[in-house]
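K.L.:
Okay, here's the prediction I keep looking at, along with the sequence it came from:
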Amino acid sequence: MTIETTMISRQLKSFLWAALLALAPALTGCGGGGEDGDGGNDGTVDPSVDPPVDDGRDAVPDEMPDADVPDDQAADEDGPGPDGAWRPFSDVSPWNTRIPPDPELEPESAALVEDFMTSSPWGVHLDVNIAGYSIPLYWADSSTPTYTVLADYGGDGWVGDNGANATGTMPIPGGATPDTESDHHFLVVDRALGTEWGCWNMVNEGGSWHAGLCATADLFGTGVRVPATEADPWYRAHGARACGFPLVAGLIRVEEIEAGRIDHALVVAYPHIRSGWFTSPASTGQARVDDEAISTRGVPCGGRFQFDPGIDLDTLGLSRSGRIIMLALQEYGAYVGDYSGALSLYAENSPEAQATWAGGVLDSYELLDKIDLSQFRVIRLGTLYDYGNGD
């Protein structure tokens, strides 16, 4: 892999430090993530290395495979995935690109997986965050009422003073509420418009909406934001996840489980995410978290885990939902997207979704004692970028 450093503006340094300090009390949560860093890097961009993307939200990462998509993966931009459930982003998105047979692995894949397995004080098991520390997804259309949301910092879709004290207008369905745990994520999607409104630390105070950070994402594009190394203005790199991902990316949704397939990569978070560094499709890096997320250990934002596709899932005693999830992890894998106090996947967790999951459809410990985590592997990383907030 190649490594680059970047210079981050003084304004961004101030934002990153403020964001980290505000987050510090929440970082010990079971599924919370440190959003958007704690400082800049005084290095320079290496002009001899081509940038990973050309332009903004719709840019394609440089390490993506050939854009030709097999017929069995084809889907309309705004339509269903291969097996009927709607999926965001274009077919050439890294989120919707299957891992090829015999992919190149990280040379230290086995050691990285061993560290992943043993990084959580809660035990050697992969959980699905549902009741908290996840993403409540709400659907909007042309009839959904809109509200002005003030965000301390705004990415695409928000206008402020160099990204600060930004305002944006977004649809919010009646009764919609943010996640109750530390990150207070909040997600609204309009499929017809192909737009996501994603917010972190969202609250409703006396009928007024306020968030720590909000940004839109183009669901007809690749799902890859312009990276922090290239973003101008700087805030275009930022999303409501620590690694810059759109919130809908990698989310396990009710309609997919009902359809019987997940046709996209998932998001995984864990304590030993490598801080400070990122690779596409991430656009920012995770801030250091005590002695857990540090810059010299772990898989960085945008790294990709895959469960060994040679394992016969029918031998593992999985539930229907568990098998659907594990098949996605074999075919598409999971991109590292955040810090978590446990080994975590993410399922949508609006009150309606939680009621469905609680009806025997999906449990947080669905995979407990079913899978051997040593059978994961780490796909070869693309170009690594230093976000400057790892130490």
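P.N.:
Structure received.

K.L.:
Neighbours of residue 209, how many?
P.N.:
21 (other Cβ atoms under 10 Å). To be clear about C-beta, it is placed using only N, CA and C from the backbone, and glycine gets the same treatment.

K.L.:
Also the one 3 residues further on?
P.N.:
By other Cβ under 10 Å, the residues close to residue 212 number 21.

K.L.:
close enough to count as contact, it and residue 186?
P.N.:
No - counting by Cβ atoms under 8 Å, residue 212 does not reach residue 186; the two are 10.7 Å apart.

K.L.:
which residues do these two both contact?
P.N.:
199, 202 (Cβ atoms under 8 Å, 6 or more residues apart in numbering).

K.L.:
now the helices: where do they sit in this structure?
P.N.:
10-23, 109-117, 254-259, 320-331, 351-356 (DSSP state H).

K.L.:
any idea how far the last one is from the chain center?
P.N.:
Using Cα atoms, centre = their mean, to the nearest Å, we find the averaged C-alpha position of helix 351-356 to lie 21 Å away from the chain's own average C-alpha position.

K.L.:
quick revisit: I'd like to know which of the helices of the chain lies nearest to residue 98.
P.N.:
For the helices of the chain, proximity to residue 98 was assessed by Cβ to Cβ; helix 320-331 is nearest, at 5.1 Å.

K.L.:
Please spell out which residues along the closest one are buried.
P.N.:
Within helix 320-331, the residues that count as buried by 16 or more other Cβ atoms under 10 Å are 321, 322, 323, 324, 325, 326, 327, 328, 329, 330, 331.

K.L.:
who's in contact with the third one?
P.N.:
Neighbouring residues of residue 323 by Cβ under 8 Å, 6+ apart: 313, 314, 316.

K.L.:
Neighbour-wise, which one of those residues leads?
P.N.:
residue 313 (19 neighbours).

K.L.:
Residue 241 versus that one, what's the distance?
P.N.:
Using Cβ to Cβ, to the nearest Å, we find residue 313 at a distance of 28 Å from residue 241.

K.L.:
for residue 341, same thing?
P.N.:
From residue 341 to residue 241 the distance is 16 Å (Cβ to Cβ).

K.L.:
go on, residue 308?
P.N.:
On the measure of Cβ to Cβ, residue 308 and residue 241 end up 27 Å apart.

K.L.:
So those two - more neighbours on which side?
P.N.:
residue 241 (31 against 12).

K.L.:
name the helices or strands packed onto the longest strand seen in the chain?
P.N.:
What stands out as the longest strand in the chain, according to DSSP state E, is strand 208-218. Contacts defined by 3 or more Cβ pairs under 8 Å, 6 or more residues apart in numbering; DSSP states H and E place strand 208-218 against helix 10-23, strand 146-154, strand 164-171, strand 195-200, strand 203-205.

K.L.:
Okay, now the sheet partners of it, with direction.
P.N.:
strand 146-154 (parallel), strand 195-200 (antiparallel), strand 203-205 (antiparallel) (DSSP bridges).

K.L.:
Nearest to residue 256, out of those?
P.N.:
Closest among those, once you apply Cβ to Cβ, is strand 195-200, at 16.5 Å.

K.L.:
Quick one: mean pLDDT over the closest one.
P.N.:
Per-residue pLDDT over strand 195-200 has a mean of 98.

K.L.:
hmm, back to that, highest mean neighbour count out of the helices of the chain?
P.N.:
Among those, the stretch with the highest mean neighbour count (mean count of other Cβ atoms under 10 Å) is helix 320-331, at a mean of 20.

K.L.:
so how far is that one off the chain centroid?
P.N.:
Using Cα atoms, centre = their mean, the offset of helix 320-331 from its chain centre is 18 Å.

K.L.:
thinking again about what came up before, specify which member of the contacts of residue 323 is nearest to residue 115.
P.N.:
Distances from residue 115 to the contacts of residue 323, taken by Cβ to Cβ, are shortest for residue 316, at 23.2 Å.

K.L.:
what ranges of this structure fall below the confidence cut-off?
P.N.:
The chain contains residues with pLDDT under 70 at 1-83.

K.L.:
Go again with 50.
P.N.:
Applying pLDDT under 50 to the chain picks out residues 2, 5-78.

K.L.:
which one is residue 136 nearest to, not counting chain neighbours?
P.N.:
residue 350 (4.2 Å; Cβ to Cβ, 6 or more residues apart in numbering).

K.L.:
quick one: the one you found and residue 307, what's the gap?
P.N.:
In terms of Cβ to Cβ, residue 350 sits 27 Å off from residue 307.

K.L.:
circling back: will you turn the contacts of residue 323 into a markdown table that also has distance to residue 264?
P.N.:
What follows is the contacts of residue 323, written out as a markdown table (distance: Cβ to Cβ, whole Å):
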| residue | distance to residue 264 |
| --- | --- |
| 313 | 18 |
| 314 | 22 |
| 316 | 22 |
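
K.L.:
Return the subset of those lying in strands.
P.N.:
Using DSSP E, none of the contacts of residue 323 sit in strands.

K.L.:
Closest one of these to residue 117?
P.N.:
residue 316 (16.7 Å).

K.L.:
give the contact list for the closest one.
P.N.:
322, 323, 326, 370, 371.

K.L.:
now do 10 Å
P.N.:
Contacts of residue 316 were listed using Cβ atoms under 10 Å, 6 or more residues apart in numbering, and they are 322, 323, 326, 367, 369, 370, 371, 372, 375.

K.L.:
now swap in residue 254 and tell me
P.N.:
85, 137, 347-348, 350, 352-357, 361-362.

K.L.:
ok, 6 Å please
P.N.:
353, 356 (Cβ atoms under 6 Å, 6 or more residues apart in numbering).

K.L.:
Roughly how far does it sit from residue 262?
P.N.:
11 Å.

K.L.:
cool, residue 172 as well?
P.N.:
Taking Cβ to Cβ, one finds residue 172 at 27 Å from residue 262.

K.L.:
who has more neighbours, these two?
P.N.:
More crowded of residue 172 and residue 262, by other Cβ under 10 Å: residue 262, with 26 against 21.

K.L.:
Thought residue 256 was touching the more buried one, still the case?
P.N.:
Yes - counting by Cβ atoms under 6 Å, residue 256 is a contact partner of residue 262 at 4.8 Å.
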